[in-house]
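1. Generate coordinates for the sequence data below:
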Amino acid sequence: MRSYLFLLAFVFFSFALSGQELNCTITVNSDQVSQTNQQIFRTLERSLSDFVNKSKWTNKVYKDNEKVNAQMFITVTEYESDRFKANIQIQSSRPVYNTAYDTPTLSYKDDQFNFQYVEFQPLVYNENVFESNLVAVVAYYTYVMLGVDADTFSLEGGTDMYRKAQNIVTQAQGTSFSGWNQSASNNRTRFDFINDVLSNTYREYRIAMYNYHRKGMDILADNNSTGKQVIAGTMNLFETMSKRRPNAFLTQTFFETKSEEILNIFSDGPKVDVVKLKETLNKVAPFFSSTWNDIKY
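-> Residues are numbered from 1 along each chain as shown. Model (predicted):
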């Protein structure tokens, strides 16, 4: 009897520790669609939420406080029968040590999201076969968010997750769905992001993600001045990368996610020399010059 209870307790404990990796809120917005029956959009929303949050995406064990906080906003712009035209915006964040603050790790909008879906259709991800563009895109961004999160805790810690996302891109080649192929006219495709993040050409991006978060943000509460200096120094990595590839996709993505946070960090608390910082920021991310101008000397 005791051995049975021990086995039962062990199974329960193992199950508790094997919780899935994300706390992801998914919203499907159909305001732009003239459709009297809105139920299909609500069903899609619930199905996607279960798919993302209840699937096991990695072999790692995530405790409840380690799960990646994320949001997916899907805006349907056209709908007819089982065909959807939409965009998807993803946001993810992770907690900063010794604070109640969550720092954004990725914010990105993908306008190339067309898919087919029949109400109550099972959503199943098969890593060996491309079966559904809906499943493929959502699985791809799930792995990207997991990879980005892992990179902020250990240097290049997200490689395995990025490889999973890259595999989805490979499976999608030759399909008729947009966003999966390298494009000469648009370097902001799913192909381009995963190709760039795994390329040595842009290796500074992943070093910057680790330094900024683990060596900078995570020590701000205990040593604000040192944390700021590390974060400011991280911008030099983007300057190095910019000399090789000006206005790179990964640079754009980083500052789209982080510009407001950088402004807030250097607008409060102990002062650091921001003259060089502003010069660097205006070189690597001139599209946010109005934000950098608000950083006071």
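2. Show me what stretch 225-239 is in contact with.
-> 204-205, 207-208, 211-212, 215-220, 251, 254, 262, 265-266, 269-270, 272, 274, 276-277, 280-281, 283-285 (C-beta atoms under 8 Å, 6 or more residues apart in numbering). From N, CA and C alone the C-beta is placed, and that goes for glycine too.
3. Repeat the analysis, applying 7 Å as the threshold.
-> 204, 207-208, 211-212, 215-217, 219-220, 251, 265-266, 270, 272, 277, 280-281, 283-284 (C-beta atoms under 7 Å, 6 or more residues apart in numbering).
4. repeat for stretch 35-52
-> By C-beta under 7 Å, 6+ apart, the residues outside stretch 35-52 that reach it are 22, 24, 26-28, 30, 76, 79, 117, 119-120, 123, 138, 142.
5. Helices of the stretch 151-297 of the chain, start to end?
-> For the stretch 151-297 of the chain, the helices defined by DSSP state H, counting those that start in this stretch occupy 159-172, 190-197, 203-210, 224-244, 249-265, 275-284, 289-292.
6. Now do the buried residues in the fourth one.
-> The neighbour-count check on helix 224-244 (16 or more other C-beta atoms under 10 Å) flags 227-238, 241-242 as buried.
7. Reformat the residues you listed into TSV and put pLDDT and distance to Thr99 next to each item.
-> Output for those, formatted as TSV (pLDDT from 0 to 100; distance: C-beta to C-beta, whole Å):
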residue	pLDDT	distance to Thr99
Gly227	96	11
Lys228	96	15
Gln229	95	18
Val230	97	16
Ile231	97	15
Ala232	96	19
Gly233	96	21
Thr234	97	19
Met235	97	22
Asn236	96	25
Leu237	98	24
Phe238	97	25
Met241	96	29
Ser242	95	30
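8. contacting residues for the most centrally placed residue in the chain?
-> Geometric centre of the chain, nearest residue: Met145, 3.3 Å, by C-alpha atoms, centre = their mean. Shown in contact with Met145 (C-beta under 7 Å, 6+ apart): 68, 70, 90, 92, 106.
9. Go through the helices of the stretch 151-297 of the chain and name the closest to Lys60.
-> helix 159-172 (8.8 Å; C-beta to C-beta).
10. The nearest residue to Lys164 once chain neighbours are set aside: how many residues sit nearby?
-> Computed as C-beta to C-beta, 6 or more residues apart in numbering, the closest residue to Lys164 that is not its neighbour in sequence is Tyr143, at 4.5 Å. When neighbours are counted by other C-beta atoms under 10 Å, Tyr143 registers 23.
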